[in-house]
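Novice: give me the fold of what follows.
(chains A and B)
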Amino acid sequence: MSVGTAAAHDRGDRFRGILAVGPAVLVVVLVVGTGLVTVVLQSAGLMPLVGQPRLSGAAYAGAADELLDATVLSLVIAGASTLVAAGVGLGAAILLVASPRGRRLLAAIGSAPIPVPHLVGAASVGLLLMDGGLLARWLGIAPDAWPALVAGHWPTAVVVEYAWKESAFVALVVTAALATRIAGYHDTAAVLGADRWARFRHVTLPLATPALVAASAITFVYTLGSYEVAWLLGPVYPEPLPVMAYRVFTSTDLSARPEAMAVAAVTTTLSLASVLVALAWLRRTAVWR
Amino acid sequence: MRLRSRSRTPRPPRPRRASLLLALAAPVLAACAAPAATTADTDRPWSAIAEEARGQTVSLWMWGGDPQGNAYVDDVLAPAAAELGVTLRRVPVADTGDAVNRVLAERQAGRTDGDVDLVWVNGDNFRTGRQADAWLCGWTDALPNLALTDPEDPLLLSDFGVPVDGCEAPWHKAQFTLVYDASRVPDPPTTLEGVLQWAEDNPGRFTYPAPPDFTGSVFVRQVLYSVAGGPGQVPATYDQAAYDELAPQLWQRLRDLAPSLWRGGATYPRDVAALDRLFAQGQVDMTMTYGPATLTELVEQGTFPPSTRVLTLEEGTVGNASFLAIPATTADSAGAMVVADLALSPEQQAAKADPATWGQFTVLDLERLSPPERRRFAELPESAVVPPYAELSRGADPELAADWVGPLDDGWRRDVLAATR
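Specialist: Below you'll find the predicted structure:
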């Protein structure tokens, strides 16, 4: 085969690839793009429900005092949930891959939380952890003496719910990344004289890292932008960004709409930024190249 | 109207995303400017409207969290509408605001065959719709049964200070009511200031839902009346000077109260359903509701203790009425008007007032009814828990204008919730 035909072949492949993902990309750009443009236009006062369009940053300024609190809380919830989920998920994946016996049972138990909707998970965690809830009754602790896990100052129940659900997700992704390759590398390393700890450091961790980073990034962004768990299990104040956006959006005062859109715009920016950070990190991991 | 008080269990969260997305997407698909206001064509005689309504399907969007209200519409109102040739379909929503948002989105998209034909609405949601000219107006005078209401009744003339102007037909009345457990509060206070004092003497045994919850919001307005020295001291229409003068006293009173509340006022129940749960679990000794008639069933079911009693205040409590409104985007306005008229008939009003059915107070003026019709209301069963409406509504306070609600809710968040943490 000559060089020219190989290049043409290459171009043909690329063209086919673009053609294949094109429709999906188009739909995503249309749907997400439309929403984003609307959010930005409304937050900048260019698409009011009542009154004349006028460019202004008033919506951002108007929400500013609560916006900072909401951002900090959102980052705390997303960060804590992701950390716990990544730790538990990685541990579970390593256990799964390392123990051939009982693997099916472990896998079944581990992936059980995945099909449970977050809403159901949140309701269950609420019933379990709230004062006067199941756990308090089992332990025989009066509601007054029970710590405020649900709707208390710290978003404990919110983090517990996200960590529980997302650790199963992380475990699933990391297990899939490890399962196919780890046995061969492990054997090779063992033959070359690597002990258990060295195999973990130099084989298991590098193999798991890209999947772990990707799964953690998805968890972080999801937790940052999701609404229902924090609404159900968090306190009325402070509230994370999505809850604040919805509360302001449904305010009966239509002139508050731009503020809701400003909160939504901030949430989107944060999510995009965290995705970029995760991608940059992924590119630096050895396996990616 | 969001009579959330009547839900028995904490409500599941709402499917908000759909309406949010719709509201986000709609403006992009249509021109930015909303179409002009619509006035109903009511020059025709009622018989012509009733004739046009035959065969129409009316979608009634209403808060779906109240099983009794749902059952009333499905089992009593809808069959009666079917006899008039109108198919009544109940569309449950988690929040009346969702229905209003739907109408606003349809209006921005320029639709004239919208999915919403009738909305159970009241107060700030009604004002929101008026702000955007989303309601059909000037049609209620055509309803024959409207003649059975008192044309001078202030509760029916304005809805939270927004003139009704024929943009919505009255449906029933509500009365803000405090509720207590008589076995734990043997000597109940008789004024609102007394209630606050009682809460301070009994730390941790009282709280109120966080505004903008409908019931929590009215509690704050009730405290505002109390702090100001009565409803007469607060101008009904929003007045910045009055707000600047009165609000600091109100926030001070509520901040002083906060340490004595449940969980030391560090947090509040998110909505009245959460407060009801605390009351049912015995964590607090008082709850509050905008729909006291349903207490009877809550006690019968064992959700609330048998010693549950209504706390009547010497100075009266806030009362209001809720309404049925027709969006300007509907294609079935004749059918919607027939349903609104049917809902005002003495038979429907009496059936709805029966606590076994729904227990909502009538908007009709009993003086205007025929003796047999009046007897139906007189024969309604009495409750051991809830006194009759005449006693409950004695000295009823007027609602403040809806313009007050937003600033008070925001101010409460800023100056009480955030400040006492």
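Novice: residues from the stretch 101-250 of chain A in reach of chain B?
Specialist: Residues of the stretch 101-250 of chain A lying near chain B by Cβ under 8 Å from any Cβ of the partner chain: A:119, A:123, A:131-132, A:143-144, A:148, A:151-153, A:227-228, A:231-232, A:235-237, A:246-247, A:249-250. Where you see a C-beta, it was placed from the backbone N, CA and C, and this is true even at glycine.
Novice: cutoff 7 Å now
Specialist: A:119, A:132, A:143-144, A:148, A:151-153, A:228, A:231-232, A:235-237, A:246, A:249-250 (Cβ under 7 Å from any Cβ of the partner chain).
Novice: what kind of secondary structure is B:Arg90 in?
Specialist: strand (DSSP: H, G, I helix; E, B strand; the rest coil).
Novice: from chain A, how far off is B:Leu60?
Specialist: Counting by Cβ to the nearest Cβ, to the nearest Å, the separation of B:Leu60 from chain A is 21 Å.
Novice: residues making contact with the host helix or strand of that residue?
Specialist: Using DSSP states H and E, B:Leu60 sits in strand B:57-63. The contact list for strand B:57-63, computed with Cβ atoms under 7 Å, 6 or more residues apart in numbering or on different chains, reads B:2-3, B:73, B:86-93, B:95-96, B:99, B:115-120, B:332, B:335-336, B:339.
Novice: adjacent strands (with direction) for that strand?
Specialist: Sheet pairing of strand B:57-63 (DSSP bridges) gives strand B:87-93 (parallel), strand B:118-121 (parallel).
Novice: buried residues in it, which are they?
Specialist: B:58-63 (16 or more other Cβ atoms under 10 Å in any protein chain shown).
Novice: how far off centre is that strand?
Specialist: Centre-to-centre, strand B:57-63 and its host chain are 16 Å apart (Cα atoms, centre = their mean, to the nearest Å).
Novice: what is the mean pLDDT for it?
Specialist: In this model, strand B:57-63 has an average pLDDT of 95.
Novice: for stretch B:313-328, same thing?
Specialist: Mean per-residue pLDDT for stretch B:313-328: 92.
Novice: ok, which stretches of the stretch 101-250 of chain A are helices?
Specialist: A:103-111, A:118-129, A:134-138, A:156-179, A:182-191, A:196-199, A:205-225, A:228-233, A:241-249 (DSSP state H, counting those that start in this stretch).
Novice: might you enumerate the residues of the stretch 51-200 of chain B proximal to chain A?
Specialist: So far as Cβ under 7 Å from any Cβ goes, the stretch 51-200 of chain B lies against chain A at B:95, B:97, B:104, B:124-125, B:127-128, B:131-132.
Novice: and the stretch 251-400 of chain B, which residues reach chain A?
Specialist: B:263, B:266-268, B:270, B:281, B:283.
Novice: out of the residues you listed, which end up buried?
Specialist: B:263, B:266-268, B:270, B:283.
Novice: with secondary structure and pLDDT as added columns, please give those in TSV.
Specialist: Converted to TSV, these look like this (DSSP: H, G, I helix; E, B strand; the rest coil; pLDDT from 0 to 100):
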residue	secondary structure	pLDDT
B:Arg263	helix	89
B:Ala266	coil	87
B:Thr267	coil	89
B:Tyr268	coil	93
B:Arg270	coil	89
B:Gln283	coil	90
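Novice: just name the closest of these to A:Asp13, please.
Specialist: Using Cβ to Cβ, B:Arg270 is the member of these that sits closest to A:Asp13, with 55.2 Å.
Novice: surely that closest one touches B:Ala210?
Specialist: Yes: with contact defined as Cβ atoms under 7 Å, B:Arg270 reaches B:Ala210; the gap is 6.2 Å.
Novice: below-threshold pLDDT in chain B: ranges please.
Specialist: B:1-42, B:421 (pLDDT under 70).
Novice: most proximal residue of it with respect to chain A?
Specialist: B:Asp124 (3.6 Å; Cβ to the nearest Cβ).
Novice: near chain B, anything from the helix or strand where A:Leu75 lies?
Specialist: According to DSSP H and E, A:Leu75 maps onto helix A:58-98. No: on the criterion Cβ under 7 Å from any Cβ, helix A:58-98 is out of touch with chain B, staying 7.9 Å away.
Novice: and that helix, what does it pack onto?
Specialist: helix A:103-111, helix A:156-179, helix A:205-225, helix A:241-249, helix A:257-284 (3 or more Cβ pairs under 7 Å, 6 or more residues apart in numbering or on different chains; DSSP states H and E).
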